[in-house]
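Kindly return the folded structure for what I paste below:
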Amino acid sequence: MILIISDRRDIHAYFVVVELEKLGIEYGFLNGADFPTSMTMSQSIGEGADLCTFSLEDGSVAKSSEVHAVWYRKPGLPRLHPETGPHEREFAFGESREGLRGLYDALRHAYWISPLDNINKASNKLRQLRTAARLGFNVPRTVYTNDPTTARAFISNIAGGVIYKPVGDGALFERAGRWDPGTVVGEIYASLLDQSTIEAGISRFSACPALFQEYIEKDVELRVTVVGRSVFAAELDSQSHQDASVDWRRGDVLAIEHRVHELPIEVRQKCVSLVEELDLEFGAIDMIKCKDGRYVFLEINPNGQYLWIEDMTGLKISRAIAEQLQRGHEEAIRRGRACQVPC
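All right, here's what the predicted structure looks like:
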């Protein structure tokens, strides 16, 4: 069985489900937010036993040993019972979260797109830049610092403008605690800085460090989605929209013209190598194609959105994910059978 771990509100999961059904592959759906209120789970360990069972969205019960491939998409946080008291919520959330981590560990024998620990490690943008540079990508000159002297020296050496961008996901949340999924009250995008903004930011370094990066003139922006060794490249004509010219996420992305982009073979190979080097099976890479023809790496989202790209370009990304899960599923079954053969 293929297990899809995601929030049912994420429409990406259903597009892949359609493709799995076309392939005739059994799948189950699990959302971590259902635990412990409406999802049951048991893990029995000791005296030679290691059994993990859990309920799926359709009410059926599955064993971890029955799962041969996992697509870890976008599950919600554990949703606690409304009668849980205010002093108990932090404890109950932690107990539920650790139980889910134990479930994922019980599924470590399966093929994953992508393993959760690998997604978390690959999400670090500084690691991404280092890895991309080591693989031969062009990367913007970048500094992350809370030292005013370092920041000013870096900025003084950049002739074409400097941008600020968050190292994290850029969302500003209002939360009641770790157990609260929170409400997004604002978002921080990549921003081209003027001198007064630079000085204001540097004056607050003791409160929060910053990442500065040279601004690079663009011909088009690229979203390159890698699934296994398959590469799907789309170009976004963000420079035709003033509000999207620095960061296309600021504008109405559906108003930006999208086209299929033919990457040079060496850039395609580097994109695949980057995903492999970060121990991922999927990656959504943001790049720039410069006016002089150079390709510049910006960042990679190890679990990024892609459905709007598929809708606007016709690139068959959901199909590729389903087929990659199928291959991983079949390989996991073969490995399991091989382990049962005496050496």
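
All the helices of the stretch 151-300 of the chain, residue numbers only.
195-202, 265-277 (DSSP state H, counting those that start in this stretch).

Ok, which of those helices comes nearest Gly251?
helix 195-202 (20.5 Å; CB to CB). Glycine gets a C-beta too; all of them are placed from N, C-alpha and C.

which parts of that closest one are buried?
Ile198, Gly201, Ile202 (16 or more other CB atoms under 10 Å).

Dump those residues into JSON lines; add pLDDT and distance to Ala159 as well.
Output for the buried residues of helix 195-202, formatted as JSON lines (pLDDT from 0 to 100; distance: CB to CB, whole Å):
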{"residue": "Ile198", "pLDDT": "85", "distance to Ala159": "15"}
{"residue": "Gly201", "pLDDT": "86", "distance to Ala159": "20"}
{"residue": "Ile202", "pLDDT": "89", "distance to Ala159": "19"}
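
for those residues, which one is nearest Pro302?
Gly201 (27.8 Å).

which residue sits closest to the closest one, ignoring its sequence neighbours?
The spatial neighbour of Gly201 that comes closest, neighbours along the chain excluded (CB to CB, 6 or more residues apart in numbering), is Ala210 at 5.6 Å.

isn't that neighbour right next to Tyr164, touching?
Yes: using CB atoms under 8 Å, Ala210 is in contact with Tyr164, at 6.0 Å.

Need the overlap of contacts for the two.
Jointly contacting Ala210 and Tyr164 under the rule CB atoms under 8 Å, 6 or more residues apart in numbering are Gly201.

got the buried residues for stretch 100-118?
100, 103-104, 106-107, 110-116, 118.

got it, and stretch 53-73?
When burial is assessed from 16+ other CB under 10 Å, stretch 53-73 yields the following buried residues: 53-56, 62, 64, 67-73.

Tell me which helix or strand in this structure has the weakest average pLDDT.
When the helices and strands of the chain are scored by mean pLDDT, DSSP states H and E, strand 171-174 comes last with a mean of 67.

Pull the residues that contact the longest helix anywhere in the chain.
Longest helix in the chain, counting residues (DSSP state H): helix 317-339. Applying CB under 8 Å, 6+ apart, the contact partners of helix 317-339 are 2, 12, 15-16, 18-20, 22-23, 25, 68-69, 71, 109-113, 225, 227-228, 230, 232, 281-282, 306-307, 309-310.

at 6 Å what do you get?
Under the contact criterion CB atoms under 6 Å, 6 or more residues apart in numbering, helix 317-339 has outside partners 2, 15-16, 19-20, 23, 25, 68-69, 71, 110-111, 225, 227-228, 230, 232, 306, 310.

pLDDT of that helix, averaged?
For helix 317-339, the mean per-residue pLDDT is 90.

Okay, buried residues for it please.
Neighbour-count burial for helix 317-339 [16+ other CB under 10 Å]: 317-326, 328-329, 332.

what's around Val224, how many residues?
Val224 has 27 neighbouring residues, counting by other CB atoms under 10 Å.

what's the nearest residue to it if we skip its chain neighbours?
Nearest one to Val224, counting by CB to CB, 6+ apart, is Ile285 at 4.2 Å.

how far away is that neighbour from Pro78?
31 Å (CB to CB, to the nearest Å).

which residues of the stretch 151-300 of the chain score low on pLDDT?
Scanning the stretch 151-300 of the chain for pLDDT under 70 picks out 170-173, 175-176, 178-181, 185-186.

Could you pull out the strands in it for me?
162-165, 171-174, 183-187, 191-192, 210-214, 220-227, 230-236, 258-260, 282-289, 295-301 (DSSP state E, counting those that start in this stretch).

from those, which stretch is densest packed?
The highest mean neighbour count among the strands of the stretch 151-300 of the chain, using mean count of other CB atoms under 10 Å, belongs to strand 220-227: a mean of 24.

what comes into contact with it?
Taking CB under 6 Å, 6+ apart as the rule, strand 220-227 contacts 232-238, 248, 261, 271, 275, 282-285, 287-289, 306, 309, 317, 320-321, 324.

Could you tell me the angle between it and strand 230-236?
160 degrees (axes from the mean of the first three to the mean of the last three CA atoms, to 10 degrees).

Please shift the residue numbers so they start at 743 in all later answers.
With the count now opening at 743, the last piece we talked about shows up as strand 962-969.

quick check, distance from strand 962-969 to the centre of its chain.
With CA atoms, centre = their mean, to the nearest Å as the basis, strand 962-969 stands 14 Å off its chain's centre.

Also stretch 879-898?
For stretch 879-898, the distance to the chain centre is 26 Å (CA atoms, centre = their mean).

quick one: the nearest residue to Tyr814 once chain neighbours are set aside and Phe796, what's the gap?
Once flanking residues are discounted, Tyr814 sits nearest to Ile747: 5.0 Å by CB to CB, 6+ apart. Separation of Ile747 from Phe796 (CB to CB): 11 Å.
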